[in-house]
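# Sequence plus the predicted model coming up.
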Amino acid sequence: MDKKNMQPDFFVVKALEDGVNVIGLTRGTDTKFHHTEKLDKGEVMIAQFTEHTSAVKIRGKAIIQTSHGELTTE
């Protein structure tokens, strides 16, 4: 499959409290924070992994939905 035509799955983060941080981490030999969003209770963020983002860290109480299932942070 052509890499240009691949579309990574989307994931959804729904904040269960004010001040939930969604932090994007870079790809490569040195993993670094490159983007941060702050969500308040009830706010939803829809995102996907990219050629620059290889991981996401979520700080705070939230529901995360992916094509693999749903989980809730503690």
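Structure received. Because the structure is a prediction, the values reported are computed rather than measured.
# For Asn21, see how far away the closest residue in space to Arg27 that isn't next to it in sequence is.
In space, and not counting its chain neighbours, Arg27 is closest to Ser54: 3.8 Å by CB to CB, 6 or more residues apart in numbering. Every C-beta, even on glycine, is put in place using the N, C-alpha and C of the backbone. Distance, Ser54 to Asn21, using CB to CB, to the nearest Å: 18 Å.
# State the number of residues packed around Leu39.
21 (other CB atoms under 10 Å).
# List the beta-bridge partners for it.
Note on Leu39: beta-bridge partners Val20, judged by DSSP bridges.
# Can you give me every residue that contacts it?
When contacts are counted by CB atoms under 8 Å, 6 or more residues apart in numbering, Leu39 touches 13, 15, 19-22, 45, 60, 62.
# Describe which strands the helix or strand harbouring Lys14 pairs with in its sheet and in which direction.
If you go by DSSP states H and E, Lys14 is part of strand 10-15. Strand 10-15 pairs in its sheet with strand 44-48 (antiparallel), strand 62-66 (antiparallel), by DSSP bridges.
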